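# with the input below, show me the fold.
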Amino acid sequence: MRLAVIPARAGSKRVPGKNIAPFHGRPMLGWVVRAALDSGAFDQVIVSTDDARIAAIAREQGAQTPFLRPAELADDHTGLMDVMAHAVGAVGGDVELVCCLLPTAVMITPQRLQEGLARLQGDATLDYVMTVQPFPHPVERALRLDAAGHVVMDQPEHLSTRTQDLPERYYDSGQFYWGRADAWLARKPVFTARSGVIVLASHEAVDIDTPDDLERARRLFAANRKEGA
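Predicted structure coming up:
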């Protein structure tokens, strides 16, 4: 069985109610549920939440909520691995492949979910497949401020290195993580050589942590839909 798990707890601090915030006619997590269902990649789509209101909204959007997450797995210090291992164990049965979809990944598409599944199924050496995006500028040219507020290069040896001569680096886009059920249950780390990647373009994902991020996501989502019309 292929399982989608959307972890959506109630305790967002910087953007209260973020996971169910109104977003272009749906609660935010509703877009993630819709993409999962439309992908045809899953036998079951569930939302793991500690909140009865979020659970009700998830069901309205088409997901299942077979359990409420225990309080000890819903605080600011609970890791994603623990949440996922709990969900896989709670569902039980013949679960083989499990995809963690972040509830604010509103740019997610059925096509990218299908691509991630094919990548995982096509390489038995992989535990996970995740989405990444390239850093917009070489990290070797990063700047920081010292105690006096003056500019300091993190890697001054690259002051004169041409940017085109530096390797491209990537960051976790926080959209989805396809994985094998036994990897989630064993809490195997994701950032290892046993993870494959799907590289997203800059317009395909926004990490929503602040009200400004949310507004930017709304604008980008609208632009993407207009472009695809």
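
# confidence score at the closest residue to Val190 other than its chain neighbours?
Residue nearest to Val190 in three dimensions, not counting chain neighbours: Tyr128, with 5.1 Å by C-beta to C-beta, 6 or more residues apart in numbering. C-beta here means a position set from N, CA and C on the backbone, and glycine is covered the same way. Model confidence at Tyr128, given as pLDDT, is 98.

# so where do the strands sit in the protein?
Secondary structure of the chain, counting by DSSP state E: strands at 2-7, 22-23, 26-27, 44-48, 97-101, 128-134, 143-145, 151-153, 170-180, 195-199.

# list the contacts for the residue nearest to Asp82 when sequence neighbours are not counted?
Closest residue to Asp82 apart from its sequence neighbours, by C-beta to C-beta, 6+ apart: Leu73 at 5.9 Å. Shown in contact with Leu73 (C-beta atoms under 8 Å, 6 or more residues apart in numbering): 50, 82-83, 86.

# can you give me the helices in this protein?
Per DSSP state H, the chain carries helices over the ranges 28-39, 52-60, 80-91, 110-121, 181-185, 211-228.

# so which of those is the most packed in?
Greatest average neighbour count among these goes to helix 28-39 (a mean of 22), per mean count of other C-beta atoms under 10 Å.

# any idea how far that helix is from the chain center?
Put simply, helix 28-39 sits 13 Å off its chain's centre (C-alpha atoms, centre = their mean, to the nearest Å).

# so that helix versus helix 52-60, what angle?
30 degrees (axes from the mean of the first three to the mean of the last three C-alpha atoms, to 10 degrees).

# what sits against the residue nearest to Val190?
By C-beta under 8 Å, 6+ apart, the contact set of Tyr128 is 120, 177-180, 183, 188, 190, 194-196.

# tell me the helices and strands packed up against the worst-scoring helix or strand of the chain on mean pLDDT.
The least trusted helix or strand in the chain, going by mean pLDDT, DSSP states H and E, turns out to be helix 211-228, with a mean of 88. Secondary-structure packing of helix 211-228 (3 or more C-beta pairs under 8 Å, 6 or more residues apart in numbering; DSSP states H and E): strand 22-23.

# now with 6 Å, please.
Judged by 3 or more C-beta pairs under 6 Å, 6 or more residues apart in numbering; DSSP states H and E, helix 211-228 is in contact with no other helix or strand.

# off-centre distance for that helix?
17 Å.

# so what touches it?
Under the contact criterion C-beta atoms under 6 Å, 6 or more residues apart in numbering, helix 211-228 has outside partners 15, 24, 106, 206, 208.
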